[in-house]
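# Sequence below, structure please.
(one chain, ligands or ions: 1)
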Amino acid sequence: MKPAQVIIAGGGIGGLSLALSLHQAGIRGCVYEAVRDPLPLGVGINLQPSAVRELTELGLGDSLAHIGIGTRRLNLCNKIGQLIHSEPRGLAAGYRWPQISIHRGELQSVLLRAARERIGDGNIRTGAKLRSFEQRGESVRARFSDGESGSERVEEADILVGADGIHSAVRRQVYPDEGEPRFAHQILWRAAVEAEPFLDGQTIVIAGHFDQRIIVYPIRKVAGGKLLTNWICQMTVPGQAQLPENWNRRVEKEKVLSAFERWRFPWLDFPTLIERSPSIFEFPLVDRDPVPAWSFGRVTLLGDAAHPMQPVGGQAGSQAILDARTLARALIETVDPVAALKRYDAERRPTMNDLILRNRNLGPEAAMQLVEERAPNGFARIEDVISRHELDAIVKSFSAAAGLDVESVNHRPSYLVASARIIPTSPF
Ligand SMILES: Cc1cc2nc3c(=O)[nH]c(=O)nc-3n(C[C@H](O)[C@H](O)[C@H](O)COP(=O)(O)OP(=O)(O)OC[C@H]3O[C@@H](n4cnc5c(N)ncnc54)[C@H](O)[C@@H]3O)c2cc1C
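So this is what the prediction gives:
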């Protein structure tokens, strides 16, 4: 029997994807979001083909194609901009769905708009912060408070899903001793700026090494042939104390420029991107240790609440969407809701726990660190520094572990759409 009612705590990428997936599965879900007026916050985020497939099967492919950029290549470079490795991505790599680089806030707006239209405004309750929950027999009671008025309400449902991000209140209740996220002693400076296209205008570049690197990719077309370009600087900061994880904390341009003033490449003038950026945000590199369970009776975790990971390989948003689809399928295919949550946990948690640990070891960017150690002043021929075999081993092992290999994405059955036709979104 399908559950009659699901409470989703958190209206971010994962929570909204779940609301839409439950609707598609014929299950009633209601989203409770702590923020009263969700704004399109954040900068760039990457949607892997596996996640684009899911959003396409939710009927959102065209909207995403309209506001994102179809990524065609990933280039790994050293700190002076020499090419170490280049590989096709998305459609160019043989996936039936594109990889899309997109503004995180605009993605959230697309999901929110679709959710409001499909499940109704009344089932998206903002200004409702989950405080605690209690399981009683065959139901869950969740207590919410309104940050502004302080008023409280209690809601009851068959299932509660904690999609409430890295500081999840649901996770805190099931793991009360866990404490704060784990700081990796690196910081991220992030911004989005209108700029001339670099390379083919559809490439993600990662340049540098473990202690200092940049990640640059376009996320939207803008007027005059320019592209809204997302950039991230990632730096080791050995003695620095943990910074609070606030997506909106700004940092002074001069601080970023002084660390990256020499990063001018023939194909990208990075200091100019920094100089022209309207605002730069600072965020600590954090994650949490894997946990031994996500599902506890009628309560489970999803997205960053379940597997907060370092942003290596552009995985967090995509994996939250895959969690949502897997959970919705488990709920329609398993009679008992408690068994359905266990099945979801068993299907998703081992891979995500593995990914958390792999991301701490750099993922595909491990190749850049090897090159830095072997040729810190650059190279004449990359083959003299790292063999093709070594490069392939690093890059492919990550893709397979994350469930990103072309075969699995293209040929696995649809999670929810029985007669899903495989149609790539158009303009890529
Ligand atoms: C404001 C913001 C900006 C971000 N910007 C970027 C970015 O630029 N690039 C990037 O790669 N990733 C960004 N992220 C993280 C990224 O969205 C996630 O890593 C990923 O998409 C997984 O999504 P999620 O739904 O699990 O978590 P999130 O997207 O973090 O969503 C969690 C949601 O839960 C809400 N919430 C939190 N606590 C409660 C509570 N107690 N009760 C109810 N609701 C609650 C939050 O307000 C939020 O809307 C951002 C996250 C946020 C919240």
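
# now whichever strand or helix holds Asn75, how far from the chain's geometric center?
According to DSSP states H and E, Asn75 maps onto strand 73-77. Its chain's C-alpha centre and that of strand 73-77 lie 19 Å apart, by CA atoms, centre = their mean, to the nearest Å.

# Distance-wise, check the closest residue to the ligand within the stretch 301-428 of the chain relative to Glu383.
Closest approach between the stretch 301-428 of the chain and the ligand, counting by CB to the nearest ligand atom: Gly303, at 2.2 Å. All C-beta atoms are positioned from the backbone trio N, CA, C, and that covers glycine. The spacing between Gly303 and Glu383, counted by CB to CB, to the nearest Å, is 41 Å.

# tell me what the strand holding Asn75 is packed against?
Counting by 3 or more CB pairs under 8 Å, 6 or more residues apart in numbering; DSSP states H and E, the packing neighbours recorded for strand 73-77 are strand 83-88, strand 203-209, helix 366-374.

# Send me it as PDB with only the CA atoms.
Extracted C-alpha coordinates of strand 73-77, given in PDB (Å, rounded to 0.1, in the frame of the first residue of the first chain):
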ATOM      1  CA  ARG A  73      34.300  18.700 -22.200                       C
ATOM      2  CA  LEU A  74      36.300  18.500 -18.900                       C
ATOM      3  CA  ASN A  75      39.900  19.700 -19.100                       C
ATOM      4  CA  LEU A  76      42.300  19.100 -16.200                       C
ATOM      5  CA  CYS A  77      45.300  21.500 -16.300                       C
END
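
# ok, that strand: who's next to it in the sheet?
strand 83-88 (antiparallel), strand 203-209 (parallel) (DSSP bridges).

# on that earlier part again, so for Gly303 and Glu383, which residue has more residues nearby?
Set Gly303 next to Glu383 and count neighbours by other CB atoms under 10 Å: Gly303 wins out with 30 against 10.

# Excluding sequence neighbours, find me the nearest residue to that one.
Gly14 (2.9 Å; CB to CB, 6 or more residues apart in numbering).

# All the helices of the stretch 301-428 of the chain, in order from the start?
Counting by DSSP state H, counting those that start in this stretch, the stretch 301-428 of the chain has helices at residues 316-333, 337-360, 366-374, 388-401, 406-411.

# and the residue nearest to Glu33 when sequence neighbours are not counted, how many neighbours does it have?
The shortest distance from Glu33 to any non-neighbouring residue, by CB to CB, 6+ apart, is to Gly11 (3.3 Å). Counted by other CB under 10 Å, the residues lying close to Gly11 total 26.

# ok, Gly11 - contacts?
19, 31-33, 35, 38, 112, 115, 124, 126, 163 (CB atoms under 8 Å, 6 or more residues apart in numbering).

# Residue numbers of this structure in contact with the ligand?
For the chain, the residues in contact with the ligand (CB under 6 Å from any ligand atom) are 9-15, 32-35, 41-43, 45, 104, 129-130, 163-165, 167, 169, 247, 303-305, 311, 316-317, 320.

# neighbouring contacts of the strand holding Asn75?
Contacts for strand 73-77 (CB under 8 Å, 6+ apart): 83-89, 92, 199-200, 202-208, 265, 364-365, 367-368.

# ditto for stretch 144-154
32, 34, 36, 125, 127-131, 141-143, 155.

# Identify each buried residue in that stretch, please.
144-146 (16 or more other CB atoms under 10 Å).

# What's the end-to-end length of that stretch?
6 Å (CA to CA, to the nearest Å).

# chain center to it, what's the gap?
29 Å.

# State the number of residues packed around Leu357.
Neighbours around Leu357, by other CB under 10 Å: 12.

# So it sits against Pro290, correct?
Yes. Using CB atoms under 8 Å, Leu357 makes contact with Pro290 at a distance of 6.8 Å.
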